[in-house]
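1. Coordinates for the following, if possible.
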Amino acid sequence: MSQINVNTVNEYASANGVTVDGVLIKDGGIASTFITGLTGGLEEADVWWMTADITTNADPITANLSRANATLNDKLGTGMSVSSGIWTFPSTGYYEVTFQTMSLHQTNSHVMNIYIYGSDDNFTTQDVVVEAQNRGNSNEWENWFISTIVKISDVTNDKVKFRMQRNSNGTFFGNTSGRTSFTFKKLGDI
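-> Model prediction:
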């Protein structure tokens, strides 16, 4: 077995990268200047709260949205942005999107729905990505969530939004401790 000792390895052809043990390394492709081993990890994670109750239908949820800000809450990376209920991702990649809510049924056989919608044209058109329905009786509390994975290949046009719907009296609860929350985690690059 041979050993080569060098201080610098330059690419033979610009932008092609260098392959070491089957791993292609390109200029600017490594986030850290000091590497002890190649490990993966989340690059983006962000949690937002709905800070006030909703007692009507909301499509999309546009008001009282705030990034989680309790003692240990913080975002990882750039974080999400939202405008008029439409959510913009900070970078391309695969993301897990979770919508969690607490609700109160105020009449018997009361139906409540939550949705995550997606669009690849900035909501000129849209599709339901995932939905859930909850039927409950009077004064019944529920805590429920839906989750999905989306592929964001264009941060200008690939967006999501959240919707709440009810057929009669019911409350979706919001406050500054996460009764209703929206969580975004970047799982990996495209």
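2. Straight-line length of stretch 158-172, end to end?
-> For stretch 158-172, the separation between the terminal residues is 27 Å (Cα to Cα, to the nearest Å).
3. Check stretch 132-146 too.
-> Stretch 132-146 stretches 7 Å from its first residue to its last (Cα to Cα).
4. Could you do stretch 111-129 as well?
-> Span of stretch 111-129 from end to end, Cα to Cα: 20 Å.
5. please renumber so the chain begins at 46
-> Okay, using 46 as the starting number, the last item reads as stretch 156-174.
6. quick one: average confidence on it?
-> Averaging pLDDT along stretch 156-174 yields 92.
7. Which parts of it count as buried, going by neighbours?
-> Across stretch 156-174, burial judged by 16 or more other Cβ atoms under 10 Å covers 157, 159-165, 168, 171, 174. C-beta: built from backbone N, CA, C; applies to glycine.
8. What separation do you get for Glu185 and Ala115?
-> 28 Å (Cβ to Cβ, to the nearest Å).
9. helices or strands next to the strand or helix carrying Thr143 in the packing?
-> Using DSSP states H and E, Thr143 maps to strand 138-150. On a contact count with 3 or more Cβ pairs under 8 Å, 6 or more residues apart in numbering; DSSP states H and E, strand 138-150 meets strand 155-164, strand 172-181, strand 185-197, strand 204-211, strand 215-218, strand 226-233.
10. Just want the angle from the first one to strand 204-211.
-> So the one you mean is strand 155-164. Orientation check (axes from the mean of the first three to the mean of the last three Cα atoms, to 10 degrees): strand 155-164 against strand 204-211 gives 170 degrees.
11. Look at Glu185 and Ala115 and report which has more neighbours.
-> Taking other Cβ atoms under 10 Å, Glu185 and Ala115 do not tie; Glu185 has more neighbours (15 against 11).
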